[in-house]
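Quick one: sequence plus predicted model below, questions after.
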Amino acid sequence: MVAGTWDFAGVLLGVSGLLVLLGPGILSSFSQPWRDFWIHARNPATTRPDEGSDLWLLLAGLYFILIVAGSAYLVLRQRNATAIYNIAPAVLEEVLAEVLNGLGFSWARSGSRIFLSPQISPSAKGMASAEATDILTLEPFAALAHVTLRWESDEGSVREEVEAELNRALARIYTRYNPASTWFIGVAASLICLTFLNLVALLIQLILRR
């Protein structure tokens, strides 16, 4: 189990290469000096600025603001989420039901949403309660053996209690091999090799031009 903010921080770190290189690389196509750098390996400082340089600087500034503001918004949004890795969605649903019953909560499920209240009310189990103090939404991703718990909590939240007990219960669950790890390692290795080859080609061009 990983807090939603740390989960998103890991995702952001994983795509940082695209955000730092791909985005600015596309925007740099609006500037003639940078086009010469990417195509002909010419030093942008030695190239005379063109009329599109102001547009490129404006787009670069907007891109930076968008990335920072968007990342901050998503980090704040993930505060109400908890990510659970290497778990089949069906298994998590069973364990979660056992945890809620063991804690004595009154709860009911409607689709992917679970309504729960700390008051014991046997007659309310199996049906939605209007007095639910917490709403938990399950967001499964079966292909990656991943489930996100998203909380909509009022005062008197039971999130900490439920997640603490769920964490202890999941520690006793056998975790099967997740093939997604091999896919990600393969993709990452391919991108690293491609980036390395591009850098080598760029260095060769720079050396040959001297």
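Arrived safely.

Neighbours of V68, how many?
Neighbour count for V68, taken as other Cβ atoms under 10 Å: 10. Placement of C-beta: from N, CA and C, glycine included.

Please give the element, helix or strand, for it.
Element membership of V68, judged by DSSP states H and E, is helix 53-77.

distance between that helix and the chain's centre?
Relative to the chain's own centre, helix 53-77 is displaced by 18 Å; criterion: Cα atoms, centre = their mean, to the nearest Å.

for stretch 177-192, same thing?
Taking Cα atoms, centre = their mean, one finds the center of stretch 177-192 at 17 Å from the center of the full chain.

just stretch 3-19 next, same as before
With Cα atoms, centre = their mean, you get 6 Å for stretch 3-19.

just stretch 84-95 next, same as before
Distance of stretch 84-95 from the chain centroid (Cα atoms, centre = their mean) equals 19 Å.

tell me how far the ends of that stretch are from each other?
One end of stretch 84-95 sits 12 Å from the other (Cα to Cα, to the nearest Å).

Go through that stretch and flag the buried ones.
Counting neighbours by 16 or more other Cβ atoms under 10 Å, one finds that the buried residues in stretch 84-95 are 84, 87-89, 91-93, 95.

can I get these in CSV with distance to E163 and secondary structure?
As requested, those are exported to CSV (distance: Cβ to Cβ, whole Å; DSSP: H, G, I helix; E, B strand; the rest coil):
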residue, distance to E163, secondary structure
I84, 10, strand
I87, 14, coil
A88, 19, coil
P89, 17, helix
V91, 17, helix
L92, 12, helix
E93, 15, helix
V95, 12, helix
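
Closest one of those to W6?
I84 (12.7 Å; Cβ to Cβ).

Just the pLDDT for that closest one.
I84 carries a pLDDT value of 93.

what bridges to it?
Beta-bridge partners for I84, by DSSP bridges, are V147.

gap between it and F196?
Between I84 and F196 the distance, using Cβ to Cβ, to the nearest Å, works out to 35 Å.

T5 too?
The value you get for T5 to F196, if Cβ to Cβ is used, is 32 Å.

what does F115 give?
From F115 across to F196, the span is 52 Å (Cβ to Cβ).

related to what we said a few turns ago, Throw the buried residues of stretch 84-95 into CSV and include distance to S190, thanks.
Putting the buried residues of stretch 84-95 into CSV (distance: Cβ to Cβ, whole Å) gives the following:
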residue, distance to S190
I84, 28
I87, 28
A88, 28
P89, 29
V91, 32
L92, 31
E93, 35
V95, 36
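
All set now, cheers.
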